[in-house]
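# Output the structure for:
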Amino acid sequence: MTQETAFLQKSPDAGDEHVPARKVFVKTYGCQMNVYDSDRMSDALSRDGYVATDVLEDADFVLLNTCHIREKAAEKVYSELGRLRELKKAKASEGREMVIGVAGCVAQAEGNEILRRAPAVDLVIGPQTYHRLPEALKRARCGERVVETDYAIEDKFEHLPAPDKAKTRARGVTAFLTVQEGCDKFCTFCVVPYTRGAEVSRPVAQILADAEKLVDGGVREITLLGQNVNAWHGTGPDGRDWGLGDLLRRLGEVDGLARLRYTTSHPRDMDESLIEAHRSMAKLMPYLHLPVQSGSDRILKAMNRRHTTAEYLALVERIRTAQPDLALSGDFIVGFPGETEEDFEDTMRLVEAVGYAQAFSFKYSSRPGTPGADLKDHVPEDVKAKRLERLQTLLVNQQRDFAADCVGREIDLLLEKPGRLPGQLVGRSPWLQPVNVDAKRSQIGDIIKVRITKAGPNSLFAEVIE
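Predicted coordinates for the structure are as follows:
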């Protein structure tokens with residue numbers, strides 16, 4: 001996934017209307033966390049006087065906010081930087097400046113190597129130092145090649161600007177809100193502990209303040225984000241140690257906030273308080289992303305997941321007992337080193353047993369610096385490809401079955417944005433599926449009652465219930 005982010009504001013050092021303001025173009029790769037980070041960096045830069053563009057060629061500053069999860073992520077970034085180098089040369093020949101920056105997890109993992117391999121890059125900044133971006137950019141514009149990848153001692157969220165009301169309205173009626181960062185689980189296939197650092201939870205007061213500002217800007221639905229979001233903990237106003245369930249209940253009291261979601265969860269951090277929130281909170285949507293990665297206990301142990309298949313299945317049963325309407329999503333990796341055909345069949349059996357409304361599946365690819373990179377007995381690529389095809393066929397069929405079961409149901413639909421056809425709006429079902437319905441543009445932000453009439457390949461269709 002990539003997303004291009006642009007933002008507009010008059011530059012304070014533009015002097016007067018005859019001096020063109022500097023423009024910035026942000027391109028975001030990867031997860032929702034990166035989308036959130038890009039928004040916050042955009043807010044910080046606009047406060048520092050940068051002007052927006054959604055046209056790459058017009059930009060004085062281009063920032064790539066990168067992701068390191070997928071295969072060959074770093075090489076894709078270098079390929080993009082090669083194209084930007086040519087654009088930078090062309091602009092320089094016209095006497096125009098263009099600063100190039102790399103942010104995100106590839107920046108954290110590669111650091112100075114980016115400056116060595118891509119001389120056109122002026123600035124490299126990691127996920128824990130985003131709050132230093134405006135100052136780092138000033139240094140880069142003065143000719144310094146800047147690398148900011150040391151883990152910040154200070155709390156970066158205290159230094160980033162709060163969500164801006166005007167920009168929040170422009171971004172829509174749903175929003176992401178990071179409440180937890182980093183990971184202490186050290187799954188052997190994953191780079192997150194090395195690029196995002198140890199698990200850190202934001203304070204309750206800080207989260208509530210941001211949530212209230214988002215709602216004040218017109219947001220109706222907030223998705224709480226974290227690498228292990230259900231590991232979030234903090235001291236509540238009552239002096240007790242709160243978990244994510246407590247935080248969700250408190251956020252549910254924010255006037256004007258209609259819906260809550262959270263992602264991504266780890267099975268080991270799914271406690272009874274959080275399960276109870278799914279039972280008792282109408283504002284908490286009946287959707288849960290709960291990755292398992294494999295259905296083989298032997299492979300789960302090699303992955304250092306620290307749970308078994310039986311424990312995962314028992315947890316799913318407990319959650320579904322609390323919220324029978326739950327749609328479950330998951331992540332799967334096929335072809336982890338040492339995976340046999342029987343191990344893969346165990347994964348297929350687990351998928352059959354659970355029944356997923358949505359899932360993401362990938363072939364294993366080695367990440368330098370992770371324990372998995374040193375494992376032997378790698379599975380041949382053609383075997384991984386065949387297994388992935390079989391797994392995805394099963395998962396797609398389950399997703400279609402779930403969508404078909406929605407036909408005829410009456411649901412509350414939050415209208416989010418215009419659809420592809422005139423007179424059509426798109427919202428999300430409680431189970432996160434896109435839903436198309438005939439409605440007026442002025443109704444964006446409203447929650448209306450609809451009946452699902454048809455299930456398409458990637459979305460649902462509905463009619464308004466008068």
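# Rounded mean pLDDT for the top helix by length along the chain, please.
The residue-count maximum for a helix in the chain (DSSP state H) belongs to helix 381-406. The average pLDDT for helix 381-406 rounds to 97.
# Look up how far Thr66 lies from Trp431.
30 Å (CB to CB, to the nearest Å). Where you see a C-beta, it was placed from the backbone N, CA and C, and this is true even at glycine.
# Then Asp60?
20 Å.
# pLDDT below threshold where in the stretch 51-200 of the chain?
The model of the stretch 51-200 of the chain has pLDDT under 70 over residues 69-71, 152-171.
# All the strands of it, residue numbers only.
Assigned by DSSP state E, counting those that start in this stretch, the strands in the stretch 51-200 of the chain fall at 51-52, 61-66, 99-104, 123-125, 146-148, 174-178, 180-181, 200-201.
# which stretch among those strands comes nearest Phe25?
strand 61-66 (5.1 Å; CB to CB).
# The closest one pairs with which strands, and in what direction?
strand 23-29 (parallel), strand 99-104 (parallel) (DSSP bridges).
# Beyond the longest helix of the chain, next helix or strand please.
strand 410-418 (DSSP states H and E).
# how about the helix or strand just after that following strand: buried residues?
Next helix or strand after strand 410-418 toward the C-terminus (DSSP H and E): strand 424-428. Across strand 424-428, burial judged by 16 or more other CB atoms under 10 Å covers 425-428.
# Out of these, which is nearest to His278?
Arg428 (17.7 Å).
# Contacts only, for the closest residue to Gly197 other than its chain neighbours.
For Gly197, ignoring the flanking residues on the chain, the nearest one in space by CB to CB, 6 or more residues apart in numbering is Gly182 at 4.4 Å. Gly182 sits next to 192-193, 196-200, 227-228 when contact means CB atoms under 8 Å, 6 or more residues apart in numbering.
# Adding distance to Gln399, write these out as CSV.
Formatted as CSV, these follow (distance: CB to CB, whole Å):
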residue, distance to Gln399
Val192, 26
Pro193, 30
Arg196, 29
Gly197, 34
Ala198, 35
Glu199, 31
Val200, 34
Gln227, 25
Asn228, 25
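# quick one: which of these sit in helices?
192-193.
# Can you flag the buried ones in the contacts of Gly182?
Buried among those by 16+ other CB under 10 Å: 192-193, 196-197, 199-200, 227-228.
# hmm, back to that, what about Trp431 and Thr66, which has more around it?
Thr66 (27 against 22; other CB atoms under 10 Å).
# Next, the contact list for that one, please.
Here Thr66 is in contact with 29-30, 34, 73, 77, 102-107 (criterion: CB under 8 Å, 6+ apart).
# C-alpha coordinates for stretch 350-369, PDB please?
The C-alpha trace of stretch 350-369 is given here as PDB (Å, rounded to 0.1, in the frame of the first residue of the first chain):
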ATOM      1  CA  LEU A 350      -6.600 -24.100  11.500                       C
ATOM      2  CA  VAL A 351      -8.000 -21.700   8.800                       C
ATOM      3  CA  GLU A 352     -10.900 -24.200   8.200                       C
ATOM      4  CA  ALA A 353     -11.600 -24.400  12.000                       C
ATOM      5  CA  VAL A 354     -11.600 -20.600  12.500                       C
ATOM      6  CA  GLY A 355     -13.300 -19.200   9.400                       C
ATOM      7  CA  TYR A 356     -11.800 -15.800   8.600                       C
ATOM      8  CA  ALA A 357     -13.800 -12.800   7.300                       C
ATOM      9  CA  GLN A 358     -10.500 -11.400   6.000                       C
ATOM     10  CA  ALA A 359      -6.800 -12.300   6.100                       C
ATOM     11  CA  PHE A 360      -3.400 -11.400   4.800                       C
ATOM     12  CA  SER A 361      -1.000 -14.100   3.600                       C
ATOM     13  CA  PHE A 362       2.600 -14.000   2.400                       C
ATOM     14  CA  LYS A 363       5.500 -16.100   1.400                       C
ATOM     15  CA  TYR A 364       8.300 -16.100   4.000                       C
ATOM     16  CA  SER A 365      11.200 -13.800   3.000                       C
ATOM     17  CA  SER A 366      14.300 -13.400   5.100                       C
ATOM     18  CA  ARG A 367      14.900 -10.100   6.800                       C
ATOM     19  CA  PRO A 368      18.600  -9.200   7.500                       C
ATOM     20  CA  GLY A 369      19.300  -8.900  11.200                       C
END
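# Give me the mean pLDDT for that stretch.
Here the average pLDDT along stretch 350-369 is 93.
# from the chain's centre, how far out does it sit?
17 Å (CA atoms, centre = their mean, to the nearest Å).
# For the stretch 151-300 of the chain, which segments are assigned as helices?
Listed in chain order, the helices of the stretch 151-300 of the chain (DSSP state H, counting those that start in this stretch) span 156-159, 165-171, 192-195, 204-216, 244-251, 272-280, 297-302.
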